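Undergrad: Below is the sequence, then the predicted model.
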Amino acid sequence: MRIVMVASEAKPFCKTGGLADVTYSLSKELTLMGEQVSIILPFYEIIRARMNPSVRLVEHFFISMSWRREEARVYRSSADGITYYFIENSHYFDRPNLYGDGDDGERFAFFTLAVRELLYRMNDKPDIIHIHDWQPGMLPCLIKEDVFARDFFKKTKFIATIHNPAFQGFLDRSALRELYNLPEYLYDDGQVRFQERVSTLKAGIVYSDIITTVSPTHHLELLTPEGGRGLDNVLRFREWDFLGILNGIDYEEFNPETDAQIPYPFTLENVYEKKKANKKALFEELNITDYGQPLYSMVTRITWQKGFDLVFPAVEQLVEKGCNVIILGSGERDYELRWEDLRARYPDKIAIYIGYNDSLAHRIYAASDFFLMPSLFEPCGLGQMIAQRYGTLPIVRRTGGLKDSVINYDGNNVSTSNGFGFDEYSEWDMNRTCLYAFDQYHQPKIMQKLIANAMQTDNSWRKSAQQYLAVYKRAIKNK
Ligand code: GLC
């Protein structure tokens, strides 16, 4: 099967969040299963730095967006059996950040139009075009609303995956014509209209053959008014073509036994002592003091979605009890400053690293006892799964994929549980759960069993990739 993924980020070239892990790991797994997979990305400035020298210019064309005429150069490279195409336009993509300059709507309109043009020019037509999130959301609409393109791609099926429904790709009505060269009646008829604007995410949902999101629980949440962020109305129309598939994690990259980033690799047999050694090394690296209490950590985008309002009070309580806390990530400045404040008050117990540092992230996963993820909402979440693989027990709010991947220890289920969880988004529940975990830390028998369960949880991509393959086959069969 020929599968083309279209996304705004993918490892190993560019990443701000879990999306990049998923587009890459899913593609890699599908490749191992014998499928032919390509990923199309914008050629961001940071990609240039990481580009392998074998990259080749393969296409060169112009895209018209009403009065603008923009140049696209397409480069091709490969990694792990996946073919990558990069769409270059220095005006739109030669910037230090992937997103956030205020013209993202225009940048990704250009990208999506260029992807369509590239797809015409590729030799083989894809069986499946799999779009991710809002950025390429207009692609199925661009193809299905164009008589020529519709005919050209008549055998191609579209899959849209929602990773984060909080980003909906809003544009003014006029952008339909000005950016996408589409007629405005698509707005008046409602196909692309959402909350009195155009939404490229909604367009992706309406025009794709099958829609997925990244966990079974989030699938149910998206169909409710409370969890749907307005999309529940749209998704209910597509209910029969909408399902949730839990993400996996890359078992090659996240393997405590072979991980070159951690000083003391380990297995199930020696995790208990090696974790201590990793912890000692990390405390030296980050210059904090061990008071013999558990280490709680976070590796995350620092944004409101991740539950920081619950984290701060819990952290104060934990450090008062002698615990250590480490956070790695970047995001909203207000939260970053609050972390700086806390560190200033407890410099020997709290370490923060603002920024992105893959290698340090591995060492944090390996050294920690507990991993905090009290998200307000979490379509899937990958950190909790990585933590489990490194024998670090996640403490989560049971929402979205966190609910599907963490079995709460309640005092009676030591043989099956692999972490801690609570339901209400409340400080009280968060504090209580962190303290409960603290108590378990001092019960070595229970801890050892929970750690073993976590490490043995199957979070590999295989199962999920098989489910995606079944979805692709179903789309192809439904004429
Ligand atoms: C988004 C979601 C996260 C999910 C990731 C990959 O970042 O917020 O929950 O794990 O996409 O699907």
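TA: Noted; the coordinates are in hand.

Undergrad: going forward, measure contacts and count neighbours with C-alpha atoms only.
TA: OK.

Undergrad: For the stretch 101-250 of the chain, which residues are neighbours of the ligand?
TA: Neighbours of the ligand within the stretch 101-250 of the chain, by Cα under 6 Å from any ligand atom: 163-164, 214.

Undergrad: give me that answer again for 5 Å
TA: Within the stretch 101-250 of the chain, the residues that sit near the ligand (Cα under 5 Å from any ligand atom) are 163-164.

Undergrad: For the ligand, what's the nearest residue on the stretch 101-250 of the chain?
TA: Here the stretch 101-250 of the chain gets closest to the ligand at one residue, H163, 4.1 Å apart by Cα to the nearest ligand atom.

Undergrad: can you count the residues close to that residue?
TA: As a burial measure, H163 scores 22 neighbours (other Cα atoms under 10 Å).

Undergrad: give the contact list for it.
TA: Residues in contact with H163 (Cα atoms under 8 Å, 6 or more residues apart in numbering) are 19, 132-133, 213-214, 379-380.

Undergrad: same thing but 7 Å
TA: By Cα atoms under 7 Å, 6 or more residues apart in numbering, the contact list for H163 reads 19, 133, 213-214, 379.

Undergrad: same check, this time on P265
TA: 256-259.

Undergrad: count of residues packed around L337?
TA: So L337, with other Cα under 10 Å, has 11 neighbours.

Undergrad: Then the one 3 residues further on?
TA: Taking other Cα under 10 Å as the neighbour definition, E340 ends up with a count of 18.

Undergrad: Correct me if wrong: I205 contacts S199.
TA: No. I205 is not in contact with S199 according to Cα atoms under 7 Å; the separation is 10.0 Å.

Undergrad: of these two, who's got more company?
TA: Per other Cα under 10 Å, whichever of I205 and S199 has more neighbours is I205, with 32 against 24.

Undergrad: And the pLDDT at that one?
TA: Note for I205: predicted pLDDT of 98.

Undergrad: where does T16 land on pLDDT?
TA: 87.

Undergrad: Please apply the same query to K479.
TA: Reported pLDDT for K479: 64.

Undergrad: re the thing from before, would you write a PyMOL line that selects the buried entries of the contacts of P265?
TA: Selection of the buried residues among the contacts of P265 in PyMOL, burial being defined by 16 or more other Cα atoms under 10 Å:
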select buried, resi 256+259
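
Undergrad: Same list (the contacts of P265) but as TSV, adding secondary structure.
TA: Formatted as TSV, the contacts of P265 follow (DSSP: H, G, I helix; E, B strand; the rest coil):
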residue	secondary structure
P256	coil
E257	coil
T258	coil
D259	coil
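
Undergrad: Name the SS class of K125, please.
TA: Going by three-state DSSP: K125 is coil.

Undergrad: What is the nearest of the contacts of P265 to L286?
TA: Checking the contacts of P265 against L286 with Cα to Cα, the nearest one is D259 at 19.7 Å.

Undergrad: mind listing what that closest one touches?
TA: P265.

Undergrad: What separation do you get for it and the ligand?
TA: The gap separating D259 from the ligand is 22 Å, by Cα to the nearest ligand atom, to the nearest Å.

Undergrad: do you know how far that residue is from R50?
TA: Separation of D259 from R50 (Cα to Cα, to the nearest Å) stands at 21 Å.

Undergrad: P263 too?
TA: Applying Cα to Cα to P263 and R50 gives a distance of 26 Å.

Undergrad: Comparing the two, which residue is more hemmed in?
TA: Neighbour count, other Cα under 10 Å: between P263 and R50, P263 has more, with 16 against 11.

Undergrad: what about the closest residue to the more buried one other than its chain neighbours, neighbour count?
TA: Computed as Cα to Cα, 6 or more residues apart in numbering, the closest residue to P263 that is not its neighbour in sequence is N278, at 6.4 Å. By other Cα under 10 Å, 23 other residues sit near N278.

Undergrad: and N278, what does it touch?
TA: Contacts of N278 by Cα under 7 Å, 6+ apart are 263-264, 366-367.

Undergrad: try it again with 8 Å
TA: Contacts of N278 (Cα under 8 Å, 6+ apart): 262-264, 363, 366-367.

Undergrad: Which element, helix or strand, includes it?
TA: Using DSSP states H and E, N278 maps to helix 271-286.

Undergrad: Now do whichever helix or strand comes after that helix and helix 271-286, the angle between them.
TA: Note on helix 271-286: by DSSP H and E, the next helix or strand toward the C-terminus is strand 295-302. Comparing the axes of strand 295-302 and helix 271-286 via axes from the mean of the first three to the mean of the last three Cα atoms, to 10 degrees yields an angle of 60 degrees.

Undergrad: Not counting strand 295-302 itself, show me its contacts.
TA: For strand 295-302, contacts defined as Cα under 8 Å, 6+ apart pick out 17, 306, 308, 323-332, 335-336, 361, 364, 367-373, 383.

Undergrad: try it again with 7 Å
TA: 323-332, 335, 361, 368-372, 383.

Undergrad: Name the residue most distant from the centre of this structure?
TA: W67 (35.3 Å; Cα atoms, centre = their mean).

Undergrad: Give me the distance between the residue lying closest to that one once chain neighbours are set aside and K279.
TA: Leaving aside its sequence neighbours, W67 sits nearest to E178 (Cα to Cα, 6+ apart; 7.9 Å). Relative to K279, E178 is positioned 55 Å away (Cα to Cα).

Undergrad: the more surrounded of the two?
TA: Ranked by neighbour count (other Cα under 10 Å), E178 and K279 place K279 first, with 24 against 18.

Undergrad: For the more buried one, which residues are in contact?
TA: 367-368.

Undergrad: Run through the chain and note the low-pLDDT ranges.
TA: 479 (pLDDT under 70).
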